[in-house]
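**Q** 3D, please:
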Amino acid sequence: MQKDLSNYRKNYKKSELMEESIDPNPMQQFQKWFYEVEETDGMDEPNAMTISTIGLDGFPKNRVVLMKKYTFEGFIFYTNYRSEKGKAIAKDPSVCLSFFWPNMERQVIIKGKAEKIAENLSDGYFESRPKGSQLGAVVSDQSEVVESRELLEKELKALERTYENKEVERPTHWGGYLVRPSSIEFWQGRPNRLHDRIRYTLQDDLEWKIERLAP
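**A** Numbering: from 1, shown residues only. Below you'll find the model as predicted:
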């Protein structure tokens, strides 16, 4: 089976990224782009991001998670610490995040280190989740092999009865990570594949070095 995709073509021409118009701080630039993406149509979850880790088997692995907060320190997401990605981060906290916003012909690529956030912050976010999502986090041994979908649903039903009139406590193996960026690249599609690529790199003095990359 084969399919030739060489004739797929798109001419990128919605915007540009020039040095004279960017913010000197990449987190401010990220916020600017994020707001612009939110205000346009055609993007269901602008906070969806791909996170890449180096697995225990030595292979890189990508998966899509949802960013739940960003600050000047970095980007926050939540997961099961015992999951495949959690185990990978525990061994090697170097990760790569990427956002793809096709409605604006933009990408953002972030390299950095992931670290667990404070337990009280994970508690606060867990408490804000719908009860069904809380129970899902409790019942799921994320990334482990399961016998069947039916077994998972049976266990969830049992938990729903157990916690019918009770609050659900956050499992200690579930919580947030903060990715502190060391490099952030902004990619803007341009005509003739001469795309704009601006990279911010954190220096030893905590200032950001700004460079244009060839497309």
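**Q** use CA for all of it now, contacts and neighbours both
**A** OK.
**Q** which non-adjacent residue is nearest the spatially most central residue of the chain?
**A** Nearest residue to the geometric centre of the chain (CA atoms, centre = their mean): Met49, 3.5 Å. Distances taken as CA to CA, 6 or more residues apart in numbering put Phe99 closest to Met49, at 4.8 Å, once the chain neighbours are dropped.
**Q** can you tell me the strand partners of the strand or helix carrying that neighbour and which way each runs?
**A** Using DSSP states H and E, Phe99 sits within strand 94-101. In the sheet, strand 94-101 lines up against strand 48-54 (antiparallel), strand 106-116 (antiparallel) (DSSP bridges).
**Q** contacts for the last one?
**A** If I follow you right, that is strand 106-116. Contact with strand 106-116 is made by 89, 93-101, 175-189, as judged by CA atoms under 8 Å, 6 or more residues apart in numbering.
**Q** likewise for the shortest one?
**A** Outside strand 48-54, the residues within contact range by CA under 8 Å, 6+ apart are 60-67, 85, 88-89, 92-100.
**Q** now, of those residues, which are buried?
**A** Among the contacts of strand 48-54, those buried by neighbour count (16 or more other CA atoms under 10 Å) are 62, 66-67, 85, 88-89, 93-100.
**Q** give me the helices and strands touching the lengthiest strand in the chain, please.
**A** Looking across the chain with DSSP state E, the single longest strand is strand 174-188. Judged by 3 or more CA pairs under 8 Å, 6 or more residues apart in numbering; DSSP states H and E, the packing partners of strand 174-188 are strand 75-80, strand 106-116, helix 119-128, strand 196-202.
**Q** and Phe34, which of the ones you listed is closest to it?
**A** strand 106-116 (10.2 Å; CA to CA).
**Q** coming back round to it: gap between the residue nearest to the centre of the chain and Lys3?
**A** 28 Å (CA to CA, to the nearest Å).
**Q** now do Ile89
**A** In terms of CA to CA, Ile89 sits 36 Å off from Lys3.
**Q** what does Gly42 give?
**A** 27 Å.
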